[in-house]
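*Asks:* Sequence first, then the predicted structure, then my questions.
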Amino acid sequence: MAVKLYENRELSWLKFNERVLEEAEDERTPLCERLSFMSIFQTNLDEFFMVRVGSLHDEMLLSNNPKENKTKMTAEEQLEAIRERVKELTKRKDSVYSYLMGRMEEEQIHLINFAKLDEKQGGYLQKYFENEIRPLLSPITVSKKQPFPFIKNNEICAVAVLIPKTSKAKNPKGRIGIVPCNNGMFRRLIQIPDSKGYYMLAEELILHFLPSVFPGYNIVSKSLIRVTRNADIDADKVYDEELNYRDHMAEVIKQRRKLTPIRMEYTRDLDKQVLTQMKNFLKIDKDMIFKTKSPLDLSFLFDIQDILRHRSELFFERRIPQKSPTLDETKPLLPQILEEDKMLSYPYESIRPFLNMLNEAATDPDVVSIKMTLYRLAKHSKVVEALVEAAENGKQVDVLVELKARFDEENNIGWSRMLESAGCHVIYGLDGLKVHSKLCLITRKSAEGVQYITQIGTGNYNEKTARLYTDVCLMTADERIGAEAARVFQALSLGEVVKTTEHLMIAPKCLQNQVIDKIEREIQVVRDGGEGYLGFKLNSLTDKKIIDKLIEASEAGVKVEMVIRGINCLRTGIKGKTDHIRVISIVGRYLEHSRIYIFGKGAREEMFISSADFMTRNTVRRVEVAAPIYNAALKDRLRAMFRTQLVDNVKARLQQPDGSYTYIEHTEPAIDAQEQLYREAYEAVGATLPRYADEQEEHEVTSDSEQTKNKNGR
């Protein structure tokens, strides 16, 4: 029997989302935070179907039926495996949801149905429905004269099988009635007056009163449904040369909303004949119809969190991003960076120094230009405000706005218009390549000559996610890095890519090959009798060329340690093959997002931070930047952060040779890497971690619930 060294990408992702669900199950996680993980699990799965399953669905329609390059599964085989796995996870999700809502009742929060109402409560809800909801509904009956309606992506609808009351037939054929339930015009979580803590979902109310919505019919059966549509549309393939690129992307967004349904979920038993009709109307695979016992959209759980916000013991203890001990925010920051490289670690340290640096550059008379790549931004972006101010102050501001940042296209279109209006020079990326790099270049011309200040990060320029995602930000005046960053922007402005580098690793031409060369160097070190070492922190590992080189490194005896939060297509711990490779996944309070590469040890050690995962889409299909860390103190700090994660024995799961993940067993002391890094950030400025009773520190940027809604792992 052949040893399985590879894991299918999609099945590995489902294992990651299972780890998210484990956080909802974990009794160590505060009760209200467990609700967050329930909702995150669902939104993750929705996006998985819209993008990955949608892509496989399109692939299956190709006549050549291609196989993926690691496990050699066809699209059809992958879809079948996904279906079975999703059914298992749906049952588990329903069980966790039921348990958590039972726990909510202990906290005097009751989500009820009509079976649990008394007469007074029922009377109120009937009046509420008649006055507040029914006038806003748009019911439809499907018939020869009324075709099946368009159902929006992830829209909840009430569906009923209707028999005309006037029918004389012995076995009358039912028709389908459909009522969209979430039009945004009425609130979803309805509080029942004089019944503190009692709530009902609007779609359940609508479902109950369907007989009054369809008064001419008897209702045979009814259910709530939700349809998920394929969102995987290639913007470059459908490019319309008659439109400018920004208008073209606006059209792409409109097209996405109308793409093929690929999944239907329903909550109550429906006649098989009706399910067949629904399948035929929607043109959806029968195996992509899933029954669930929990609500079809769990976002209302954030509303429940807000109701209980005063109960601090039901939430994580408060953590506030701290000041960087290496930066004096009472003094200008640009001179401090010119003097020595600086690094910020989010969310443990505040993003404020970076924002202050941008604001300084906007007003500094010696700054002649600011160049920046933007991928995902906060809703109210302070980054854009700084760039607008710089342009209005006469600086040359060049901004690459990636309009193909999936699900953020509309947001980015708006920002691009604002930047252009302020006088910024806006470009939109390259044909066939997304620009995913996190790169900012400030150019100054002073008495000392031309100076570059370069910022390179692992995460987006987003003030909100900087409080939720773990990321690293390097700010340096190193001329070598600045010169190569300038080459990146020059190439982008000409619609080209950088083809050679000495310091930065820049995809698509100068990253994958350099990573492989550096792994090969460690292999040669072992062959020469030395000790080879590789350490990587990534979101995902799917690049087969790099995976195969890592297998070769393990076979040679190179020690490989990896922290991979999400997808991992390499199975580790297999004797003689990957037994020198150890992979852990940390899923916890903050979303692990930073990418760190370490090659070698001691004098040979090279260390990089990067925007790129080891995924083919990052290494050869996007513009990505990995920056070397040359400052010895910063290397020590980054290495210590990486080592802290490797010894996590609270939120870390260890990958097993069969591809499964298990919690790392531990005795005291328990080490939660995220909590430990926060403790160190507090101690570095002479503070101590706050506890439930300590409410002195102010909350920054946004509410806890709004933060958690953004925690989707992009």
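*Replies:* On my side now, so go ahead. None of the values given here were measured: they were computed from a predicted structure.
*Asks:* Pull out the buried positions in stretch 62-74.
*Replies:* By 16 or more other C-beta atoms under 10 Å, the buried positions in stretch 62-74 come out as 68, 70-71, 73. Every C-beta, even on glycine, is put in place using the N, C-alpha and C of the backbone.
*Asks:* in the stretch 551-700 of the chain, which spans are helices?
*Replies:* Secondary structure of the stretch 551-700 of the chain (DSSP state H, counting those that start in this stretch): helices at 616-619, 632-646, 673-684.
*Asks:* Could I get the full set of strands for the stretch 451-600 of the chain?
*Replies:* Using DSSP state E, counting those that start in this stretch, the strands of the stretch 451-600 of the chain run over residues 469-476, 505-507, 533-538, 559-564, 581-586, 591-592, 595-599.
*Asks:* Please convert those to TSV, extending it with mean pLDDT and distance to residue 182.
*Replies:* Output for those, formatted as TSV (pLDDT from 0 to 100; distance: least, C-beta to C-beta, whole Å):
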stretch	mean pLDDT	distance to residue 182
strand 469-476	98	29
strand 505-507	97	40
strand 533-538	98	37
strand 559-564	98	36
strand 581-586	98	34
strand 591-592	97	27
strand 595-599	98	37
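*Asks:* for these, which one sits closest to residue 488?
*Replies:* Closest approach to residue 488 among these (C-beta to C-beta): strand 505-507, 6.2 Å.
*Asks:* Identify the residues contacting the residue nearest to residue 679 when sequence neighbours are not counted.
*Replies:* Closest residue in space to residue 679, ignoring its immediate chain neighbours: residue 689 at 5.6 Å, by C-beta to C-beta, 6 or more residues apart in numbering. Contacts of residue 689 were listed using C-beta atoms under 8 Å, 6 or more residues apart in numbering, and they are 317, 319, 678-679, 682.
*Asks:* Need the distance between the two termini of stretch 296-312.
*Replies:* In stretch 296-312, first residue to last residue: 28 Å (C-alpha to C-alpha, to the nearest Å).
*Asks:* what comes into contact with it?
*Replies:* 32, 35-36, 38-39, 42-43, 97, 104, 107, 109, 111, 154, 156, 182, 188-189, 199, 201, 203, 224-226, 265, 267, 314-315, 318, 692, 695, 703-705, 708-709.
*Asks:* Residue ranges in this structure under the pLDDT threshold?
*Replies:* 1-2, 63, 233-258, 405-409, 692-714 (pLDDT under 70).
*Asks:* longest single strand anywhere in it?
*Replies:* Criterion DSSP state E: the longest strand present in the chain is strand 217-229.
*Asks:* picking that back up, out of the buried residues of stretch 62-74, flag the one nearest to residue 660.
*Replies:* residue 71 (15.8 Å).
*Asks:* close enough to count as contact, the closest one and residue 5?
*Replies:* No - using C-beta atoms under 8 Å, residue 71 is not in contact with residue 5; the gap is 9.7 Å.
*Asks:* ranking the helices of the stretch 551-700 of the chain by burial, who's on top?
*Replies:* Counting by mean count of other C-beta atoms under 10 Å, helix 616-619 has the highest mean neighbour count of these, with a mean of 21.
*Asks:* and that helix, how far out from the chain's middle?
*Replies:* Offset of helix 616-619 from its chain centre (C-alpha atoms, centre = their mean, to the nearest Å): 17 Å.
*Asks:* Could you do stretch 361-369 as well?
*Replies:* Averaging C-alpha positions (C-alpha atoms, centre = their mean) puts stretch 361-369 34 Å from its chain's average.
*Asks:* Next, the buried residues of that stretch.
*Replies:* 361-362, 364, 367, 369.
*Asks:* In strands, which of the residues you listed appear?
*Replies:* 367, 369.
*Asks:* which of the buried residues of stretch 361-369 lies closest to residue 585?
*Replies:* Closest approach between the buried residues of stretch 361-369 and residue 585, by C-beta to C-beta: residue 361, at 38.1 Å.
*Asks:* That closest one and residue 393, how far apart?
*Replies:* Using C-beta to C-beta, to the nearest Å, residue 361 is found at 10 Å from residue 393.
*Asks:* repeat for residue 492
*Replies:* 23 Å.
*Asks:* Which neighbouring elements make contact with the top helix by length along the chain?
*Replies:* Ranked by residue count under DSSP state H, the longest helix found in the chain is helix 75-106. Under the contact definition 3 or more C-beta pairs under 8 Å, 6 or more residues apart in numbering; DSSP states H and E, helix 75-106 sits against helix 9-25, helix 31-48, helix 54-60, strand 110-111, strand 289-291.
*Asks:* With that, I have no additional questions.
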